[in-house]
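structure for this input, please:
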Amino acid sequence: QVQLQELGPGLVKPSQTLSLTCTISGVSITASSYYWSWIRQPPGKGLEWIGYMTNSGTYFSPSLQRRASISRDTSKNQFTLQLSSVTPEDTAVYFCCQIPIATLSFESWGQGTQITVSA
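Residues are numbered from 1 along each chain as shown. The predicted model follows:
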């Protein structure tokens, strides 16, 4: 069974870079059958896709691609989202997700972590 767990700072100041890590258990991050994604939900709003990572590259929402990056640490079976120059509009619950290539659906989710951007 695949499990994902997000870890983040909770509170970030405006203009700083947010860094979130997702630890995967139950499958290797290098498994060719899956993509790995980040999604967020601002307060009172719907889900917003941030981006995803494959074994060959990363892809981002056009609205966030200038500020977002995703990297991975295969030795720890983790992937990390970095979001630069954050503003209060980046306040949200952030989720990491597994995407099976066979279905291209958001299959397994972490429990989410609240990130608040405030001075």
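
tally of neighbours for the residue lying closest to Ser37 once chain neighbours are set aside?
Excluding the flanking residues, the one nearest Ser37 by C-beta to C-beta, 6 or more residues apart in numbering is Tyr52, at 3.9 Å. From N, CA and C alone the C-beta is placed, and that goes for glycine too. Per other C-beta atoms under 10 Å, the neighbour tally for Tyr52 reads 21.

pretty sure Tyr52 contacts Ile99?
Yes: if you go by C-beta atoms under 8 Å, Tyr52 and Ile99 touch, sitting 6.3 Å apart.

can you list residues touching both of these two?
Jointly contacting Tyr52 and Ile99 under the rule C-beta atoms under 8 Å, 6 or more residues apart in numbering are 35-37.

any idea how far the residue nearest to Ser37 lies from Ile101?
In this view, Tyr52 and Ile101 are 11 Å apart by C-beta to C-beta, to the nearest Å.

partners of the spatially most central residue of the chain in the sheet?
Computing the C-alpha centroid of the chain and ranking residues by C-alpha atoms, centre = their mean puts Trp38 first, at 2.7 Å. Per DSSP bridges, the residues bridged to Trp38 are Gly51, Cys96.

how far away is it from Ala119?
Here Trp38 is placed at a distance of 24 Å from Ala119 (C-beta to C-beta).

how about the strands in this protein?
Per DSSP state E, the chain carries strands over the ranges 3-7, 11-12, 18-25, 34-41, 48-53, 58-60, 68-73, 78-83, 92-100, 108-109, 113-117.

lovely, talk soon.
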